[in-house]
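Visitor: no sequence for this one, just the structure:
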(Lines give C-alpha, C1' and ligand atoms only; values in the text may rest on other atoms or scores of the structure.)
Protein backbone atom coordinates (compact mmCIF):
# COMPACT_ATOMS: atom_id res chain seq x y z
CA UNK A 1 0.00 0.00 0.00
CA UNK A 2 1.31 3.45 -0.92
CA UNK A 3 0.03 6.94 -0.15
CA UNK A 4 1.01 9.68 -2.58
CA UNK A 5 0.52 13.24 -1.38
CA UNK A 6 0.58 16.34 -3.54
CA UNK A 7 -0.41 19.99 -3.58
CA UNK A 8 2.05 21.66 -1.25
CA UNK A 9 3.94 24.82 -2.10
CA UNK A 10 4.59 28.44 -1.26
CA UNK A 11 1.63 30.71 -0.59
CA UNK A 12 1.20 34.18 0.84
CA UNK A 13 -0.60 34.73 4.14
CA UNK A 14 -4.34 34.69 3.57
CA UNK A 15 -3.99 32.44 0.57
CA UNK A 16 -5.29 28.95 -0.12
CA UNK A 17 -3.92 25.55 -1.02
CA UNK A 18 -5.49 22.15 -1.62
CA UNK A 19 -3.66 18.99 -0.66
CA UNK A 20 -4.49 15.58 -2.10
CA UNK A 21 -3.44 12.11 -1.06
CA UNK A 22 -4.23 8.99 -3.04
CA UNK A 23 -3.86 5.48 -1.66
CA UNK A 24 -3.04 2.58 -3.95
CA UNK A 25 -2.23 -1.09 -3.65
CA UNK A 26 -4.00 -4.12 -2.20
CA UNK A 27 -6.81 -2.20 -0.52
CA UNK A 28 -10.01 -3.81 0.67
CA UNK A 29 -11.31 -0.67 2.33
CA UNK A 30 -10.02 2.40 4.15
CA UNK A 31 -11.31 3.41 7.56
CA UNK A 32 -10.05 6.73 8.95
CA UNK A 33 -8.03 9.07 6.76
CA UNK A 34 -6.34 12.22 7.91
CA UNK A 35 -3.70 14.88 7.73
CA UNK A 36 -0.94 15.59 10.21
CA UNK A 37 1.75 18.23 10.11
CA UNK A 38 5.18 18.76 11.56
CA UNK A 39 6.77 22.18 11.82
CA UNK A 40 10.54 22.58 12.29
CA UNK A 41 11.51 21.74 15.85
CA UNK A 42 8.02 20.58 16.77
CA UNK A 43 6.26 17.26 17.13
CA UNK A 44 3.90 15.92 14.51
CA UNK A 45 0.34 16.98 15.26
CA UNK A 46 -3.10 16.06 14.01
CA UNK A 47 -4.63 18.59 11.63
CA UNK A 48 -7.84 16.87 10.53
CA UNK A 49 -9.38 13.42 10.47
CA UNK A 50 -12.30 11.95 8.51
CA UNK A 51 -14.03 8.61 8.93
CA UNK A 52 -15.24 6.48 6.06
CA UNK A 53 -18.73 7.73 6.78
CA UNK A 54 -17.66 11.35 6.57
CA UNK A 55 -17.45 12.40 10.23
CA UNK A 56 -14.69 14.92 10.74
CA UNK A 57 -12.49 16.26 13.51
CA UNK A 58 -10.14 19.23 13.41
CA UNK A 59 -7.37 20.73 15.47
CA UNK A 60 -8.60 23.90 17.17
CA UNK A 61 -5.96 25.93 15.33
CA UNK A 62 -7.46 25.14 11.91
CA UNK A 63 -11.20 25.02 12.63
CA UNK A 64 -13.10 27.29 10.29
CA UNK A 65 -10.17 27.57 7.88
CA UNK A 66 -9.41 24.00 6.77
CA UNK A 67 -11.80 21.42 5.35
CA UNK A 68 -11.07 17.73 5.02
CA UNK A 69 -12.94 15.55 2.54
CA UNK A 70 -12.54 12.19 0.84
CA UNK A 71 -13.56 10.27 -2.23
CA UNK A 72 -13.98 6.65 -1.21
CA UNK A 73 -14.21 5.45 -4.81
CA UNK A 74 -10.79 6.96 -5.50
CA UNK A 75 -9.24 6.14 -2.10
CA UNK A 76 -8.28 9.79 -1.89
CA UNK A 77 -8.35 12.34 0.90
CA UNK A 78 -8.21 16.10 0.44
CA UNK A 79 -7.39 19.07 2.65
CA UNK A 80 -8.64 22.47 1.53
CA UNK A 81 -6.68 25.12 3.40
CA UNK A 82 -7.95 28.70 3.38
CA UNK A 83 -6.85 31.85 5.19
CA UNK A 84 -3.40 30.39 5.62
CA UNK A 85 -1.13 31.81 8.28
CA UNK A 86 2.67 31.69 8.66
CA UNK A 87 2.19 29.34 11.61
CA UNK A 88 0.63 26.81 9.22
CA UNK A 89 4.06 26.32 7.66
CA UNK A 90 4.99 22.66 8.03
CA UNK A 91 5.43 19.36 6.26
CA UNK A 92 1.97 17.86 5.88
CA UNK A 93 1.58 14.08 6.03
CA UNK A 94 -1.47 12.11 5.01
CA UNK A 95 -2.52 9.05 6.94
CA UNK A 96 -4.86 6.17 6.20
CA UNK A 97 -6.03 3.19 8.23
CA UNK A 98 -6.12 0.59 5.47
CA UNK A 99 -7.72 -2.83 5.53
CA UNK A 100 -5.67 -4.83 3.07
CA UNK A 101 -7.17 -7.48 0.81
CA UNK A 102 -4.72 -10.03 2.21
CA UNK A 103 -5.64 -10.99 5.75
CA UNK A 104 -8.24 -8.22 6.12
CA UNK A 105 -6.15 -6.62 8.85
CA UNK A 106 -6.26 -2.86 9.45
CA UNK A 107 -2.90 -1.10 9.43
CA UNK A 108 -1.87 2.55 9.44
CA UNK A 109 0.04 3.98 6.49
CA UNK A 110 1.71 7.36 5.95
CA UNK A 111 2.34 9.43 2.88
CA UNK A 112 5.75 10.91 2.10
CA UNK A 113 4.93 14.45 3.23
CA UNK A 114 4.41 17.63 1.28
CA UNK A 115 5.84 21.00 2.32
CA UNK A 116 3.53 23.96 2.83
CA UNK A 117 5.22 27.32 3.29
CA UNK A 118 3.18 30.39 4.16
CA UNK A 119 5.25 33.51 3.73
CA UNK A 120 5.15 36.93 2.13
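Guide: Cool, the structure landed. If you're wondering where the values come from, they're calculated on a predicted model, not measured in any experiment. Numbers count the residues shown, from 1 in each chain.
Visitor: what does the average pLDDT come to for stretch 97-116?
Guide: Averaging pLDDT along stretch 97-116 gives 93.
Visitor: just the terminal-to-terminal distance for it.
Guide: One end of stretch 97-116 sits 23 Å from the other (Cα to Cα, to the nearest Å).
Visitor: so which bits of it are buried?
Guide: 97-100, 109, 111, 113-114, 116 (16 or more other Cβ atoms under 10 Å). From N, CA and C alone the C-beta is placed, and that goes for glycine too.
Visitor: just those: which are in strands?
Guide: With DSSP state E as the criterion, strands contain 97-100, 109, 114, 116 from among the buried residues of stretch 97-116.
Visitor: follow-up on the earlier one: okay, the buried residues of stretch 97-116 in a markdown table with distance to residue 52 next?
Guide: Listed next are these as a markdown table, based on distance: Cβ to Cβ, whole Å:
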| residue | distance to residue 52 |
| --- | --- |
| 97 | 9 |
| 98 | 11 |
| 99 | 10 |
| 100 | 15 |
| 109 | 15 |
| 111 | 18 |
| 113 | 24 |
| 114 | 23 |
| 116 | 26 |
